[in-house]
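Asker: model the following, please.
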Amino acid sequence: MRIHVTDLQPGDTITKDAFNPHGVHVMQKGTVLQLEEISKLLQHSIDYIEIQARELHLHASTPEEMPDSLYRIKPQFDQAIEAISSIFMNALKHGKFDEDVVDDAFQPVVDSLMKQKDVVSLLLMLNQEDDYTTRHSMQVGVLSYYLSTWMGYSKDEAYEIGKAGYLHDVGKCRIPKEILNKPGKLTAEEFDEVKRHTTYGYEIIRESMDDELTALVALQHHERDDGRGYPQALQSHQIHPYSHIAAVADVYSAMSSTRVYQSKRQLLHVLQELYRMSFGQLNGKPVHAFIKHMLPNFIGKKVTLASGQSGTIIMTNPSDYFRPLVQTSAGFIDLSKSSEDAIKDIKL
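Answerer: Numbers count the residues shown, from 1 in each chain. The predicted structure is shown next:
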């Protein structure tokens, strides 16, 4: 059965060796195709391929179901989210929190992260939580941990960086709820008060822990390389590397979340925005490491397009990393060449 590559489906079995137009052997006869193999054939500009008749074989399973691993680790995340609420409450009431509560909650999460490689599915799961502040703290802790490992930090360093991300917003406990949850634009005085959460966080952490670096991350996570951040308007070389990492995680989580004054943005679009910010605002080294390691996580994810079609991301375009190749029931849509369509939503 001869078929065009764009009409292939996961589970098809090729019956002849596949060669690209230059005669290079690409795939062996008998290969059962999944999205990765179909992407490889497309990358090698192969037009037609021989497959086993579909009515004569069973299709392999497709990656459409939420991974069981997420269900297994969700209790650790729920506990950590409850713990950050308790930490905020104690910090507000007593000016400090119990460091043991942080480790007891965050260490099991890190143990789970070591087994969970699908970061995008993890973020989509965390985005289902209701309270923005606690969910955001959890996301920044998780992303800071992952990013530090991707950048080559040791296991112990990655844990400390992740924990700093987990606690980065603890100073918000002192910001009045009516300001934090205000749906409209903040006044200049209200924004000045919001900016103080960085200083408040530093003070609370120093009171609670003998850990200058964790406190420094809380203080500096809104500093920017161009000196336009707060609270101290530091330049890039004055900002601690841990704070650079937490800043990337903080921006990504904030932009991809629903807030009282902002609808969540599509995850790939946020990556594109991070890339833009890496030239002057956010430090380029953690941003580019983040993008490099996040992009493969989108392969196999179900999407809804602006046109209303549903499909699956099967390949990242080398010409435009943020507008991938999507397979729909009608065929393939190359978003890098289709300016009239775009990804509206990404799902588990």
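Asker: residue contacts, the residue nearest the centre of the chain?
Answerer: Geometric centre of the chain, nearest residue: Val120, 5.2 Å, by CA atoms, centre = their mean. By CB atoms under 8 Å, 6 or more residues apart in numbering, the contact set of Val120 is 267, 294, 297-298, 301, 346. Where you see a C-beta, it was placed from the backbone N, CA and C, and this is true even at glycine.
Asker: same deal with Ile239?
Answerer: 220, 223, 225, 283.
Asker: and the nearest residue to the second one once chain neighbours are set aside, how close does it get to Gln281?
Answerer: The spatially closest residue to Glu223, leaving aside those adjacent along the chain, is Gly229, at 3.8 Å (CB to CB, 6 or more residues apart in numbering). Counting by CB to CB, to the nearest Å, the separation of Gly229 from Gln281 is 8 Å.
Asker: more neighbours: these two, which one.
Answerer: Gly229 (22 against 18; other CB atoms under 10 Å).
Asker: for the more buried one, helix, strand, or coil?
Answerer: For Gly229, the assignment made with DSSP: H, G, I helix; E, B strand; the rest coil gives coil.
Asker: isn't it right next to Ser236, touching?
Answerer: No: contact criterion CB atoms under 8 Å: Gly229 and Ser236 do not qualify, at 10.2 Å.
Asker: contacting residues around the helix or strand of the chain with the lowest mean pLDDT?
Answerer: Counting by mean pLDDT, DSSP states H and E, the chain has its least confident helix or strand at helix 35-43, which shows a mean of 78. By CB under 8 Å, 6+ apart, the residues outside helix 35-43 that reach it are 5-6, 8, 10, 18, 26-27, 31, 33, 49, 62-63, 299-300, 312, 314-315, 325, 327, 332.
Asker: now do the buried residues in that helix.
Answerer: Buried residues in helix 35-43, counting neighbours by 16 or more other CB atoms under 10 Å, are found at 35, 37-42.
Asker: and the next element down the chain from that helix?
Answerer: With elements assigned by DSSP states H and E, the helix or strand that comes after helix 35-43 is strand 48-50.
Asker: picking up where we left off before, would you format the buried residues of helix 35-43 as a markdown table with distance to Gly141 included?
Answerer: Below are these laid out as a markdown table (distance: CB to CB, whole Å):
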| residue | distance to Gly141 |
| --- | --- |
| Leu35 | 31 |
| Glu37 | 36 |
| Ile38 | 36 |
| Ser39 | 32 |
| Lys40 | 36 |
| Leu41 | 40 |
| Leu42 | 37 |
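Asker: helices of the protein, start to end?
Answerer: 35-43, 68-94, 99-113, 119-126, 132-150, 155-167, 177-180, 188-195, 197-208, 212-220, 241-255, 267-277, 284-294 (DSSP state H).
Asker: looking at these, which is nearest to Ala342?
Answerer: With CB to CB as the criterion, Ala342 lies closest to helix 267-277 of the helices of the chain, at 8.3 Å.
Asker: quick one: mean pLDDT for that closest one?
Answerer: Over the span of helix 267-277, the pLDDT mean works out to 92.
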